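Asks: just need the structure, nothing else, for what follows:
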Amino acid sequence: MFIPSQSKKFFINVPTFMTWIFWIFKPLISANTLAKMSVVGSGTSAVSQALLPIIDVKELPERYGGDAEAF
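Replies: Model (predicted):
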């Protein structure tokens, strides 16, 4: 059974100022919620480093550092 609240969420191509806002509010977020989130920012290197351990390189679009065609 798939329960969406138990899966990890990735926020990619996040502008720098939003990353700063996330870090400001991070102490207010519960540890369980933080474990389910990952703010990745932008850039092929950062995105592929975060996603390739979870998504197969053949399934990840080229713009994120994978081998798949854009969808």
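
Asks: residues touching the helix or strand harbouring residue 20, excluding its own?
Replies: Here residue 20 is covered by helix 16-25, with elements defined by DSSP states H and E. For helix 16-25, contacts defined as CB atoms under 8 Å, 6 or more residues apart in numbering pick out 14, 39, 41. Using the backbone N, CA and C atoms, a C-beta is placed for each residue, glycine as well.

Asks: these two touch, right, the last one and residue 49?
Replies: No - counting by CB atoms under 8 Å, residue 49 is not a contact partner of residue 41; they are 10.5 Å apart.

Asks: out of the two, which sits in the busier spot?
Replies: Shown here are residue 41 and residue 49; by other CB atoms under 10 Å, residue 41 has more neighbours (15 against 12).

Asks: could you give the bridge partners of the more buried one?
Replies: Taking DSSP bridges, one obtains residue 12 as the residues bridged to residue 41.

Asks: how is the spatially most central residue of the chain assigned, secondary-structure-wise?
Replies: Nearest to the geometric centre of the chain sits residue 10, at 2.5 Å (CA atoms, centre = their mean). Under DSSP: H, G, I helix; E, B strand; the rest coil, the three-state class of residue 10 is strand.

Asks: residue contacts, it?
Replies: Applying CB under 8 Å, 6+ apart, the residues contacting residue 10 are 38, 40, 50-51.

Asks: what's the ChimeraX line that selects buried ones from those?
Replies: Remark: buried members of the contacts of residue 10, expressed as a ChimeraX selection using 16 or more other CB atoms under 10 Å:
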select :40,50,51
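
Asks: the contacts of residue 10 in helices, which ones?
Replies: Among those, the residues falling in helices (DSSP state H) are 50-51.
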